[in-house]
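Novice: I'll drop the sequence and a predicted model, then ask my questions.
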Amino acid sequence: MSSTRPSPATDDIPAVTVKGVTKRFGDTEVLQGIDLSVPTGATTCLIGPSGSGKSTLLRCIAFLEEATTGTILIHGDPLGFAEGPNGQRSRLSPQKIRAVRSRIGMVFQQFNLWPHMTALGNVCEALVTVRKMKRSEAEDLGMAQLSRVGLENRAGHYPSELSGGQQQRVAIARALALDPEILLFDEPTASLDPELTGEVLNVMRDLADSGMTLLVVTHEIGFAATVGRRIAFLDHGKLLLNGTPQELFGEPRHPRLGQFLETYLDRGAATLL
Ligand SMILES: Nc1ncnc2c1ncn2[C@@H]1O[C@H](COP(=O)(O)OP(=O)(O)OP(=O)(O)O)[C@@H](O)[C@H]1O
């Protein structure tokens, strides 16, 4: 199993295609008809005010939430629901859902490591139990992934013996070990102190440079501006803007984006623009 899969430059099928996705919780429509293409082999950042629906969209793409309407394709293959010729949706079989879902990796804000397992144990567990790999092979692969995030010398440590930044890097190694085609990040540095945030962003920057497809929900505007190839700006459940960092962050700026950025710049959360 290869540890990296730089996407071929000729692959022009988007890694993720979101078509007309809405999501309702009770009477509240938190996603209102989202259309979004996530290019293969590049980083796309989802930004927007708190409550605008970023995590919900990411969770729909990971199939942790089911979109109320609309469809999502992973490299052209439908995830969860297929769309018929008349636009009607039908649910795919659990096997088909699992097969497409397994091509997506996800890293959460809370690292979600198993406290009773070492860093290496956390990285190897799904390889052994889900992918049915021999423990020794899984450990070789797990060590390679830990070294990719700079933690080979922490393999035998338990989560409680690691800093928050190190724990998040273990979580990234765990996701990478399953060789995903697309890696989703849901505010991966939001629970970290500023000095630990940098080490996680550096690992993500390296992954972006290696040609992986990343879709990142983040409030780190500086990261989005420098690493994102595409920036999608969500506001009140709508995709208000979608373009390159130059298009979104250059002048003139969309007034709503300008207002959002000022809020964050005032709070000192973004300093690189
Ligand atoms: N399981 C749920 N049940 C009911 N409402 C939900 C649920 N999940 C999210 N919401 C609501 O959906 C809206 C969008 O939430 P979401 O977490 O997607 O926003 P966000 O842009 O990621 O915000 P933040 O930046 O604060 O994480 C919010 O109003 C939230 O309260």
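Specialist: Nice, thanks for sending it over.

Novice: give me the number of residues near residue 134?
Specialist: Here the neighbour count serves as a burial measure; for residue 134 (other CB atoms under 10 Å) it reads 10. C-beta coordinates here come from the backbone N, C-alpha and C atoms, glycine included.

Novice: I'd like the numbering to begin with 22 instead of 1 from here.
Specialist: Got it, first residue is 22 now, which makes that one residue 155.

Novice: Give the full set of residues in contact with the closest residue to it other than its chain neighbours.
Specialist: Beyond its immediate neighbours in the sequence, the residue positioned closest to residue 155 (CB to CB, 6 or more residues apart in numbering) is residue 149, lying 7.8 Å away. Residues counted as contacts of residue 149 (CB atoms under 8 Å, 6 or more residues apart in numbering) are 155-156, 159.

Novice: residue ranges with poor pLDDT in the chain?
Specialist: Low-confidence segments of the chain, defined by pLDDT under 70, span residues 22-32, 286-294.

Novice: returning to what we had before: tell me the secondary structure of the residue nearest to residue 155, please.
Specialist: For residue 149, the assignment made with DSSP: H, G, I helix; E, B strand; the rest coil gives helix.

Novice: which one of the contacts of residue 149 is nearest the ligand?
Specialist: Nearest to the ligand among those, counting by CB to the nearest ligand atom, is residue 159 at 33.2 Å.

Novice: mind checking which helix or strand that closest one is in?
Specialist: When elements are assigned from DSSP states H and E, residue 159 belongs to helix 156-169.

Novice: What of residue 260?
Specialist: Using DSSP H and E, residue 260 falls within strand 259-264.

Novice: helix or strand right after that strand?
Specialist: Remark: after strand 259-264, the chain's next helix or strand is helix 266-270, criterion DSSP H and E.

Novice: Identify the residues contacting that next one?
Specialist: Contacts of helix 266-270 with the rest of the structure, by CB under 8 Å, 6+ apart, involve 245-247, 249, 252, 254, 262, 275, 278, 282, 294.

Novice: Show me the beta-bridge partners of the residue nearest to residue 245 when sequence neighbours are not counted.
Specialist: Counting by CB to CB, 6+ apart, the nearest residue to residue 245 once its immediate chain neighbours are dropped is residue 66, at 3.8 Å. When assigned by DSSP bridges, residue 66 has beta-bridge partners residue 237, residue 252.

Novice: wait, isn't residue 66 in contact with residue 244?
Specialist: Yes - using CB atoms under 8 Å, residue 66 is in contact with residue 244, at 7.3 Å.

Novice: Between the two, which contacts overlap?
Specialist: Between them, residue 66 and residue 244 share the contacting residues residue 237, judged by CB under 8 Å, 6+ apart.

Novice: quick one: the strands in the stretch 72-221 of the chain?
Specialist: 90-95, 98-99, 102-104, 110-112, 125-128, 203-207 (DSSP state E, counting those that start in this stretch).

Novice: highest average neighbour count across the ones you listed?
Specialist: Sort the strands of the stretch 72-221 of the chain by mean neighbour count, taking mean count of other CB atoms under 10 Å, and strand 203-207 sits at the top with a mean of 24.

Novice: how about the contacts of helix 266-270, which pair is most distant?
Specialist: When the contacts of helix 266-270 are compared pair by pair using CB to CB, the farthest-apart members prove to be 247 and 275, with a separation of 19.9 Å.

Novice: What about the spatially closest residue to residue 52 that is not a sequence neighbour, how many residues nearby?
Specialist: By the measure of CB to CB, 6+ apart, the closest residue to residue 52 outside its immediate chain neighbours is residue 44, 4.0 Å from it. Neighbouring residues of residue 44 were enumerated by other CB under 10 Å; the total is 22.

Novice: Not counting the helix or strand residue 44 falls within itself, show me its contacts.
Specialist: Take DSSP H and E as the rule and residue 44 turns out to sit in strand 37-46. Contacts of strand 37-46 from elsewhere in the structure, counted by CB under 8 Å, 6+ apart, are 50-59, 74, 77-78, 81-82, 86, 88-95, 97, 104, 203, 236.
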